[in-house]
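# Just need the structure, nothing else, for what follows:
(4 chains)
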Protein chains: 2
Amino acid sequence: MQSRPDARPDPSPAAHERVYRGLRTRIMYGEIPPGEALTLRGIGKQYGVSMTPARESVRRLVAEGALTLSASGRVSTPEISNDRIEELAALRALLEVELASRALPRAHIALIDRLQTINATISEVVERHDAVGYIRTNLEFHRTLYLRAQAPAMLAMAETVWLQLGPTMRKLYGRLNRKEGPHFHRLIIAALKAGDEPGLRLAVRSDVTQGLRMLAN
Amino acid sequence: MQSRPDARPDPSPAAHERVYRGLRTRIMYGEIPPGEALTLRGIGKQYGVSMTPARESVRRLVAEGALTLSASGRVSTPEISNDRIEELAALRALLEVELASRALPRAHIALIDRLQTINATISEVVERHDAVGYIRTNLEFHRTLYLRAQAPAMLAMAETVWLQLGPTMRKLYGRLNRKEGPHFHRLIIAALKAGDEPGLRLAVRSDVTQGLRMLAN
DNA sequence: TGGCGCGGACTGTGATCACAAATCCGGGCG
DNA sequence: CGCCCGGATTTGTGATCACAGTCCGCGCCA
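Residues are numbered from 1 along each chain as shown, chains lettered A, B, ... in the order given. Modelled structure (predicted):
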């Protein structure tokens, strides 16, 4: 599809992949509010491609639950009900507790250091009231930990849940202005250091549940 | 997209939906062996449509992990490694134990009756050495139970896992000729009748794990 | 003034086409 | 006898187009 034989592993990914990644990132990090309408031609123009790659990207995101399709085929970011939020929170708890538990035996000091660095960044971002930055950094914290679990399918499922919560999370974290941030993260790090599996499970469950509980109002 | 104002809710679904459902069913029920190559033009011809709907269906299935895309864009059913099988089995256990647990308080006698009917069908199918029929009926048993959990997102995730295991399950259940079938299913039903939650969790976990363990050889 | 209907603009869908990369197959060379 | 190269074929990709359904807003009528 493109003809550059040189350079890095993937210097110019397929157009639909580029569009997909762009949209996915924006959705997962809450840059698009829930209920926002999107059009294929609009997306295409935005990324400088025709409708075809835009359509494929949208289809893929719909399959992952990141976008919803109205009966007439219109696409928009989902507005999810409280029931669904609770269900997705339960899924997060289920999956992420397991991922953390699997990561625990492999958590070297270098990993813990990186987690603490990310945590510091979270504090800064909270200071600036930067909601999108907060979501991104928070998810980076979790992803960094779960990568150690060596469970790609499980991590992929967790990311799918994040994706579904993306537009809604923006609304949530727009609310908390206080330095609420890294409290449970510190518990997670402490449990990792101590090799305390039950404590880790509890800390992860609390961290995941806490924020989402206040969203289901 | 279609213009029949009459009759049933969806008399003529969009073409890509029809293709998607057809492929998805065949994959989930193990009718396609792992590693099988598919072509867009081939799928299109098979369903009497052009490449466009075929492409969308394939893309969607790839997003769900039901198909894999080679670096050059070729599509085929996945051949999954033992590590991945174990991970998917763990996911099944995690999700389905939770689903069963949530279904338990809502499990009336009518549901249990239906489960027993399905179980009888499983015995017949096993008798006939009908691998595809076995997979389909077995999944129907699980789905019938989990529908009572009132947790659509969770059920959707479980189905995604089934989908990923589809082509591989065929190989598995082609192996077991004996009447292995409904042993753990009977334990599940017994636990449902008794309202025994720990027993139910254990029975579901065993049922899910048992079959898949012998696959990771 | 308020509700209704109609028309035009907009949107998704599916077909088709041109193109480039990948794959396959057979023949020729070492 | 085996390996490699080159062309023909197959395959996915993205653009474009015609069409049908949908939606929005303006104007008309009560």
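# Helices of chain A, start to end?
Under the criterion DSSP state H, helices of chain A are mapped to A:15-28, A:40-47, A:51-63, A:82-103, A:109-127, A:131-147, A:152-175, A:183-194, A:197-213.
# Quick check: which of the ones you listed is nearest to B:Gly65?
Ranking those by proximity to B:Gly65 (Cβ to Cβ) places helix A:152-175 first, at 7.6 Å. For the C-beta atoms, the positions are set from N, CA and C on the backbone; glycine is no exception.
# The closest one vs chain B: in contact?
Yes - using Cβ under 8 Å from any Cβ of the partner chain, we find that helix A:152-175 touches chain B at A:152-154, A:156-157, A:160, A:164.
# what is the rounded mean pLDDT of that helix?
Across helix A:152-175, the average pLDDT comes to 89.
# Please name every helix or strand in contact with it.
In terms of contacts (3 or more Cβ pairs under 8 Å, 6 or more residues apart in numbering or on different chains; DSSP states H and E), helix A:152-175 is packed against helix A:15-28, helix A:82-103, helix A:131-147, helix A:197-213, helix B:82-103, helix B:152-175.
# what's the offset of it from the middle of its chain?
Relative to its parent chain, helix A:152-175 has a centroid offset of 4 Å by Cα atoms, centre = their mean, to the nearest Å.
# just checking, A:Trp162 touches A:Gly30?
No - between A:Trp162 and A:Gly30 there is no contact under Cβ atoms under 8 Å: 10.0 Å.
# ok, these two, which is more surrounded?
Ranked by neighbour count (other Cβ atoms under 10 Å in any protein chain shown), A:Trp162 and A:Gly30 place A:Gly30 first, with 25 against 22.
# quick one: the more buried one and DNA strand D, what's the gap?
Between A:Gly30 and DNA strand D the distance, using Cβ to the nearest atom of the strand, to the nearest Å, works out to 24 Å.
# Could you chop chain A up by domain?
Domain assignment for chain A by automatic domain parsing gives A:15-76, A:82-213.
# now the helices of chain A as CSV including distance to B:Ala90?
Output for those, formatted as CSV (distance: least, Cβ to Cβ, whole Å):
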stretch, distance to B:Ala90
helix A:15-28, 24
helix A:40-47, 37
helix A:51-63, 23
helix A:82-103, 7
helix A:109-127, 22
helix A:131-147, 14
helix A:152-175, 7
helix A:183-194, 21
helix A:197-213, 15
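# just to revisit the earlier point, nearest to DNA strand D, of the helices and strands packed on helix A:152-175?
Shortest distance between DNA strand D and the helices and strands packed on helix A:152-175, using Cβ to the nearest atom of the strand, is found for helix A:15-28: 3.3 Å.
# ok now that closest one, how far from the chain's centre?
So, by Cα atoms, centre = their mean, the centroid of helix A:15-28 is 13 Å from its chain's centroid.
# What's the local residue count around A:Thr117?
There are 12 residues near A:Thr117, going by other Cβ under 10 Å.
# and chain A, which of its residues are near chain B?
A:14, A:55-56, A:59-60, A:62-65, A:73, A:84, A:87-88, A:90-91, A:94-95, A:98, A:151-154, A:156-157, A:160, A:164.
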